[in-house]
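Novice: here's a sequence, model it:
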Amino acid sequence: MSSVLSSEQTPRPWTADPVLTVEHVQMRFGGLVAVNDLSFEVGRGDITALIGPNGAGKTTVFNCITGFYKPTQGMLLLKHAAGDTFLLERMPDFRISAKAKVARTFQNIRLFSGMTLLENLLVAQHNRLMLASGMTILGVLGMPSYKRAEKESIETAKFWLDKTGLTARADDPAGDLPYGAQRRLEIARAMCTGPELLCLDEPAAGLNPRESAELNTLLLDIRQMGKTSILLIEHDMSVVMEISDHVVVLEYGVKISDGTPSEVRNDPRVIAAYLGVDDEEVEKVEEQLDELTEGATP
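Specialist: From the prediction side, this is the model:
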C-alpha cells in the first residue's frame, strides 16, 4: 500500500498558492507539549480539514492561528490574494481578525441570542461602520459616506441570510432558531467580515443528517465563490470526506498524515490512531487492509 509520506515528495495542489503556511509550530503549556513541530499548508480557495482523535491538539492549533495563544515557536504566515502578508504569531488577536482577515467559529455557538438575525450580521461589520462614521460623528450627522457604508452592510447581511436560507427569519431573535440554523447563522456572521481564511471549529457537531447536508452545501458554495479559504476541525468523517480538498491528521500534537481525503482514509497510521492501536501494531493494520483490498478485487 502506498504511503502518504511518499506523495509529499512531489508538489501538492495546496502548496502552489497557500493562503496559510504553518511551519514548525510548537505549543507548550509548562511541561506539556500540546503541538509539536507542526507544518502544513492551506491552499487558497480550498477546504482543508484538520482531524484527529480527541486531545490531538486541533483546537490548540486553531487558537494559535487566531491569536488566542502565542505559539512557543514556529511561524504562521498568512498571505492575502492581493499579496499582503502577515506573521500571525506576532499579532494580537483583534488585529488577526481585523487586518489579516481571519474569521472563526467555535465548538459552542456564540451568537447574540437576544438580537435579530439581521442585527447579528450587522454587528459583525461594526469595524467598517465605525470607520465610515468617523468614530460616530459622521454617522450622527448623516453624512453620505456613512449612509453608503450602512447600505452596503445591510446588503451584505441580506446576501448571507439568503445564502444560508434564513431570510424569512431575519427579524427573529437568533436564540429562537433551531440548532442547525444557528450554526449556519454563525458562519454567515463570520462571512460578513470578508475573511481570507475562515476557521470552523466542529461546524457539524450536533447536526442531524439533513442539517449536515445543508452545511456541506453552504461550505461548498463558499468554496466556489473563491474569495475565502476554509480550515475546519471536524469529527464527522462524512462531512470531511465529502467536501475537503486536503486533510491533515494530528495525534498527540504531531502530524501523522497529510494528503487528499482518499489518501488519508487509507493511511494505516490514521486508521490505527482512530482505533487506538499502538504504534507497533500499525503494520498489522496495514496487512489487514491489504488483505481486504485483495479480497475485494475480482
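Novice: ok, then the element right after the helix or strand where E211 lies?
Specialist: In this structure, E211 sits in helix 209-225 according to DSSP states H and E. Note on helix 209-225: by DSSP H and E, the next helix or strand toward the C-terminus is strand 229-233.
Novice: then the helix or strand just after that next one to CSV, C-alphas only?
Specialist: Sequence-wise, the next helix or strand downstream of strand 229-233 (DSSP H and E) is helix 237-243. The C-alpha trace of helix 237-243 is given here as CSV (Å, rounded to 0.1, in the frame of the first residue of the first chain):
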residue,chain,number,x,y,z
MET,A,237,-15.9,12.0,8.7
SER,A,238,-18.8,12.0,6.2
VAL,A,239,-18.5,15.8,6.1
VAL,A,240,-14.7,15.7,5.9
MET,A,241,-14.5,13.2,3.1
GLU,A,242,-17.3,14.7,1.1
ILE,A,243,-16.2,18.3,0.9
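Novice: got the buried residues for helix 237-243?
Specialist: Judged by neighbour count using 16 or more other CB atoms under 10 Å, the buried positions of helix 237-243 are M237, V239, V240, M241, I243. Where you see a C-beta, it was placed from the backbone N, CA and C, and this is true even at glycine.
Novice: cool, and stretch 240-255?
Specialist: By neighbour count with 16+ other CB under 10 Å, stretch 240-255 contains the buried residues 240-241, 243-251, 253, 255.
Novice: now it: average pLDDT?
Specialist: Averaging pLDDT along stretch 240-255 gives 96.
Novice: show the pLDDT at the residue nearest to S113 when sequence neighbours are not counted.
Specialist: Closest residue to S113 apart from its sequence neighbours, by CB to CB, 6 or more residues apart in numbering: G175 at 3.0 Å. G175 is assigned 95 on the pLDDT scale.
Novice: run a quick neighbour tally on G175.
Specialist: Using other CB atoms under 10 Å, G175 is surrounded by 12 other residues.
Novice: I'd say it and L111 touch.
Specialist: Yes. In terms of CB atoms under 8 Å, G175 counts as a neighbour of L111; the distance is 7.2 Å.
Novice: any idea which helix or strand of the chain has the worst average confidence?
Specialist: helix 4-7 (a mean of 46; mean pLDDT, DSSP states H and E).
Novice: packing partners of the longest helix anywhere in the chain?
Specialist: Across the chain, the longest stretch assigned as helix under DSSP state H is helix 144-163. For helix 144-163, the packing partners by 3 or more CB pairs under 8 Å, 6 or more residues apart in numbering; DSSP states H and E come out as helix 117-123, helix 126-132, helix 137-140, helix 179-191.
Novice: Serialize those helices to TSV and add fields for distance to T48.
Specialist: TSV is the format used below for the helices and strands packed on helix 144-163 (distance: least, CB to CB, whole Å):
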stretch	distance to T48
helix 117-123	25
helix 126-132	26
helix 137-140	39
helix 179-191	16
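Novice: out of these, which gets nearest to T15?
Specialist: T15 lies closest to helix 179-191 among those, at 25.8 Å (CB to CB).
Novice: residues contacting the closest one, please?
Specialist: Outside helix 179-191, the residues that touch it by CB atoms under 8 Å, 6 or more residues apart in numbering are 103-105, 109-111, 117, 120-121, 123-124, 160-161, 163-166, 169, 174, 177, 198, 200, 203, 206-208, 210-211, 214-215, 218-219, 222, 228.
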